[in-house]
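Asks: have a look at this prediction, sequence included:
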Amino acid sequence: MKNTVAIIGLGLIGGSLGLALKRGNLDLHITGFDRSYSSADEAYRRGIIDSIAPSAKIACENADFVLFATPVNTTIALMKEAREWSLKEDVIISDTGSTKSPIMEAAKWFTEQGITFIGGHPMAGSHKSGVAAAKAHLFENAYYILTPLENEERLKVDRLANLLTATKGKIVVLDASEHDRMTAIVSHFPHLVASSLVGRLAEQEIDQPFVKKLAAGGFRDLTRIASADPTMWRDITIQNQTELLQQLDGWLNEMNRIKSMLLANNPEEIFDFFADAKQYRDRLPSTYEGAVQGALYMTFDLHIDIPDHPGVISEITKILAEEEISLTNIRIVETRTDVYGILVISFQTADDRKAARNALSTKTDYSMHIL
Ligand SMILES: NC(=O)c1ccc[n+]([C@@H]2O[C@H](COP(=O)([O-])OP(=O)(O)OC[C@H]3O[C@@H](n4cnc5c(N)ncnc54)[C@H](O)[C@@H]3O)[C@@H](O)[C@H]2O)c1
Ligand SMILES: O=C(O)C(=O)C[C@]1(C(=O)O)C=C[C@@H](O)C=C1
């Protein structure tokens with residue numbers, strides 16, 4: 001008999017999970033519920049789910065796997081409602097939330113009843129939200145973190161991991177509090193900084209209306225994530241308050257250090273500050289090898305969001321050849337940075353890159369990004 005998977009919340013992440021599970025060709029029936037009927041309907045029409053459930057309760061009561069993909073405070077509220085539901089005895093419940101400790105705290109009730117809840121968090125996403133942005137390959141090569149409670153049976157974790165192999169993510173098991181401490185520095189705190197930088201620009205614009213027109217590559221790269229969904233980030237910020245306060249203290253110390261550096265205006269000290277950051281940043285595992293060139297050799301990179309199959313590269317290079325656009329480098333990125341693109345093509349000029357982007361957007365459906 002087919003296993004039934006219930007996905008609650010059919011936005012970017014729930015939709016992408018549904019697509020990945022479908023692509024995995026597992027013998028599954030996927031049912032979905034979203035409080036927005038139009039999202040559920042779109043998910044059904046795109047083949048992300050096989051049926052629309054009339055409520056979260058009905059979706060979950062028939063399910064072998066439940067995946068909550070709602071904003072994290074909503075997930076906790078739904079987990080509380082689920083205490084009244086008649087779930088299957090051997091159901092495995094998981095979530096996709098960006099925070100884990102409060103969710104695993106709420107999960108203890110399920111464990112006490114003999115019901116399995118294993119926290120989950122795919123470390124890939126976007127500033128875009130909603131089912132329209134869902135992609136089957138969103139999680140490919142990304143870390144997919146699982147946070148089982150201490151006494152969780154290994155077999156249950158394996159069953160969930162087995163289901164999630166369809167995402168082609170790299171499954172790792174972490175302790176929930178360790179997870180929250182790490183995501184605070186690599187994801188949650190940067191989000192606060194990005195949004196506050198945007199706030200600073202908005203403030204300055206009052207006196208200098210022209211300033212926002214000057215916000216070019218640097219500002220845009222650094223603040224892309226500030227365009228993400230405020231409900232999702234409100235909930236993450238509330239749930240990871242303690243770690244964020246720790247990060248903020250560290251940041252304030254760092255800003256004071258920078259202030260002293262600016263006051264001293266010592267060229268060597270300022271050079272070392274930038275050089276140390278560059279050295280570390282260039283060595284991050286997600287930094288594209290070869291993307292950082294010497295100052296005399298500038299390249300124009302196009303990041304293309306592609307599924308993981310070999311024909312794609314020849315399809316793309318064929319289009320570029322037909323258009324007589326030369327490329328200087330092409331590489332596949334094993335791990336991602338802040339987009340889900342995995343193919344990076346470099347061009348000698350901005351015009352070549354523009355022409356390539358135009359040609360590829362006419363002839364393919366792949367999303368493209370210039371970082
Ligand atoms: N966006 C990312 O980059 C990203 C990455 C990894 C994990 N996450 C986590 O995944 C979860 C979902 O994020 P997303 O980006 O898919 O958000 P999203 O806004 O794209 O989707 C959330 C969906 O949940 C639905 N929803 C809200 N309340 C509901 C309720 N009570 N019942 C049923 N449906 C409800 C919304 O209508 C929406 O369709 C969040 O917990 C987030 O922290 C997000
Ligand atoms: O790429 C982005 O826009 C994201 O914000 C994705 C991102 C991240 O911070 O890396 C955001 C939240 C998730 O929990 C995981 C991934």
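Replies: Looks like it arrived, so ask away. Ligands and ions are numbered 1, 2, ... in the order given.
Asks: would you map the strands across the stretch 201-350 of the chain?
Replies: Using DSSP state E, counting those that start in this stretch, the strands of the stretch 201-350 of the chain run over residues 300-305, 329-332, 343-347.
Asks: doesn't residue 128 belong to a strand?
Replies: No: Residue 128 is assigned coil when assessed by DSSP: H, G, I helix; E, B strand; the rest coil, not a strand.
Asks: separation between it and residue 246?
Replies: 29 Å (C-beta to C-beta, to the nearest Å). Bear in mind the C-beta positions are built from the backbone N, C-alpha and C, glycine included.
Asks: likewise for residue 308?
Replies: 37 Å.
Asks: who touches residue 179 in this structure?
Replies: By C-beta atoms under 8 Å, 6 or more residues apart in numbering, the contact list for residue 179 reads 100-101, 119, 121, 145, 147.
Asks: by mean pLDDT, show me the worst of the strands of the stretch 201-350 of the chain.
Replies: If you rank the strands of the stretch 201-350 of the chain by mean pLDDT, strand 329-332 sits at the bottom with a mean of 82.
Asks: one step back: check the contacts of residue 179 and tell me the two furthest apart.
Replies: Maximum pairwise distance among the contacts of residue 179 (C-beta to C-beta): 12.8 Å, between 101 and 145.
Asks: spatially central residue for this structure, please.
Replies: A centroid search over the chain (C-alpha atoms, centre = their mean) returns residue 125, at 2.0 Å, as the residue closest to the centre.
Asks: using the three-state scheme, assign residue 87.
Replies: Put simply, residue 87 is coil when judged by three-state DSSP.
Asks: next one: residue 26
Replies: Residue 26 - assigned by three-state DSSP - is coil.
Asks: how close does it sit to residue 159?
Replies: According to C-beta to C-beta, residue 26 stands 12 Å off from residue 159.
Asks: how about residue 142?
Replies: 21 Å.
Asks: neighbours around the nearest residue to residue 243 once chain neighbours are set aside, how many?
Replies: Leaving aside its sequence neighbours, residue 243 sits nearest to residue 184 (C-beta to C-beta, 6 or more residues apart in numbering; 3.7 Å). Neighbourhood size, residue 184 [other C-beta atoms under 10 Å]: 23.
Asks: mind checking pLDDT for residue 184?
Replies: Per-residue confidence at residue 184 stands at 98 (pLDDT).
Asks: so it sits against residue 246, correct?
Replies: Yes: under the criterion of C-beta atoms under 8 Å, residue 184 makes contact with residue 246 at 7.2 Å.
Asks: which neighbours do the two share?
Replies: Contact with both residue 184 and residue 246 is made by no residue, according to C-beta under 8 Å, 6+ apart.
Asks: how does this structure divide into domains?
Replies: 3-174, 179-265, 300-369 (automatic domain parsing).
Asks: redo those domains as a markdown table? Include distance to ligand 1.
Replies: Below are the domains of the chain laid out as a markdown table (distance: least, C-beta to the nearest ligand atom, whole Å):
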| stretch | distance to ligand 1 |
| --- | --- |
| domain 3-174 | 2 |
| domain 179-265 | 5 |
| domain 300-369 | 10 |
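Asks: and among the ones you listed, the most buried is which?
Replies: domain 3-174 (a mean of 20; mean count of other C-beta atoms under 10 Å).
Asks: what's the first-to-last distance across it?
Replies: 27 Å (C-alpha to C-alpha, to the nearest Å).
Asks: got a list of what residue 9 touches?
Replies: 33-34, 68-71, 74-75.
Asks: strands - which of those residues land there?
Replies: 33, 68 (DSSP state E).
Asks: the contacts of residue 9: which ones sit near ligand 2?
Replies: Counting by C-beta under 6 Å from any ligand atom, nothing from the contacts of residue 9 sits close to ligand 2.
Asks: how far off centre is stretch 1-15?
Replies: On the basis of C-alpha atoms, centre = their mean, to the nearest Å, stretch 1-15 is displaced by 17 Å from the centre of the chain it belongs to.
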